[in-house]
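**Student:** whatever this is, show me its structure:
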Amino acid sequence: MRILLIRHAESTANESGILSTTQPGPDLTARGREQAEALPDALRDVRLDGLYASTLRRTQLTAEPLSRATGLPVSVIEGIHEIEAGDLEDRADLEAMSAYAQPFRVWAQGDFTAAVPGGFSGDHFFERFDRGIAEIWQAHQTPSSDRPDGDTVAIVDHDAAIRVWVAGRADNLGPDFTSTHGLDNTGIVVLTGSPAAGWHVETWQGEPVA
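**Tutor:** Sure, this is the predicted structure:
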């Protein structure tokens, strides 16, 4: 299967620099709505077989223009929402941002017991996110006759969740890759693989990954 992990368009929390991870979450800004409307053109050469979003509304709003353009419904998947900020929720100061990201660096080294302050551990995050990806894969596991390599799906998701999950599950990224490679609003990471065989990153925001 081929997965396009798409970061949601700009939200009001992004604009304010606030950690916002609880549901249902903020709306998109005017700029974010423009970014979302531009996605169908950016993906005009991609034939999608499925369109998914997290339980947070900013991902669903981002996916709506793609849904209109492709005729695919936006299927909401449990478990692929943003990494919970815990005690740091709604904060915008540098100390909070650093504390939020610190466990991610520990997880990248293979220790998944560390947790966001007042939040959850890496074990919890990877278990729920893997479960969500497996649900999507299960829905597309039988390749159609004209799709011998499996279906292509778009998943509109979140910055930290995408970067942390890809860093932990891709077979061709070093532990420091995602700490040095950002992901813009509506930026796309393309992977191929399966839950059993593992995942391989093809491109990161349009740039090939070796």
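
**Student:** burial of the nearest residue to Thr22 once chain neighbours are set aside, as a residue count?
**Tutor:** Once flanking residues are discounted, Thr22 sits nearest to Glu89: 6.2 Å by CB to CB, 6 or more residues apart in numbering. Yep, even glycine has a C-beta here, placed from its N, CA and C like the rest. Using other CB atoms under 10 Å, Glu89 is surrounded by 17 other residues.

**Student:** so Glu89 makes contact with Ala13?
**Tutor:** No: in this structure, Glu89 is not within contact of Ala13 by CB atoms under 8 Å, at 10.4 Å.

**Student:** any common contacting residues for the two?
**Tutor:** Overlap of the contact sets of Glu89 and Ala13 (by CB atoms under 8 Å, 6 or more residues apart in numbering) consists of Leu19, Ser20.

**Student:** for this structure, which segments are assigned as strands?
**Tutor:** Counting by DSSP state E, the chain has strands at residues 2-7, 50-53, 75-76, 152-157, 188-194, 198-204, 207-208.

**Student:** which strands border the fifth one, and is each parallel or antiparallel?
**Tutor:** Read that as strand 188-194. If you go by DSSP bridges, strand 188-194 pairs up with strand 2-7 (antiparallel), strand 198-204 (antiparallel).

**Student:** then the last one?
**Tutor:** Strand 207-208 pairs in its sheet with strand 198-204 (antiparallel), by DSSP bridges.

**Student:** now do the partner strand: distance to the chain's middle.
**Tutor:** 13 Å (CA atoms, centre = their mean, to the nearest Å).

**Student:** again, but for stretch 87-94
**Tutor:** 21 Å.

**Student:** neighbouring contacts of that stretch?
**Tutor:** Looking at stretch 87-94 with CB under 8 Å, 6+ apart, the contacting residues turn out to be 16-22, 85, 96, 99-100, 116-119.

**Student:** mind checking which of those residues land in helices?
**Tutor:** Ser16, Ala96, Ala99, Tyr100 (DSSP state H).

**Student:** what's the nearest residue to the first one if we skip its chain neighbours?
**Tutor:** It refers to Ser16. Counting by CB to CB, 6+ apart, Ala92 is the residue found nearest to Ser16 once chain neighbours are left out, at 6.5 Å.

**Student:** same check, this time on the last one
**Tutor:** With CB to CB, 6+ apart as the measure, Leu88 is the residue that lies nearest to Tyr100, at 5.2 Å, once sequence neighbours are left out.

**Student:** count of neighbours near the one you found?
**Tutor:** 21.

**Student:** kindly report the same for Gln23.
**Tutor:** The number of residues packed near Gln23 is 10, by other CB under 10 Å.

**Student:** what does the one 10 residues further on give?
**Tutor:** Neighbour count for Arg33, taken as other CB under 10 Å: 17.

**Student:** tell me how far it lies from Pro65.
**Tutor:** Using CB to CB, to the nearest Å, Arg33 is found at 9 Å from Pro65.

**Student:** quick one: stretch 173-188 to chain centroid distance?
**Tutor:** On CA atoms, centre = their mean, the centre of stretch 173-188 falls 11 Å from that of its chain.

**Student:** average pLDDT across that stretch?
**Tutor:** With pLDDT averaged residue by residue, stretch 173-188 scores 90.
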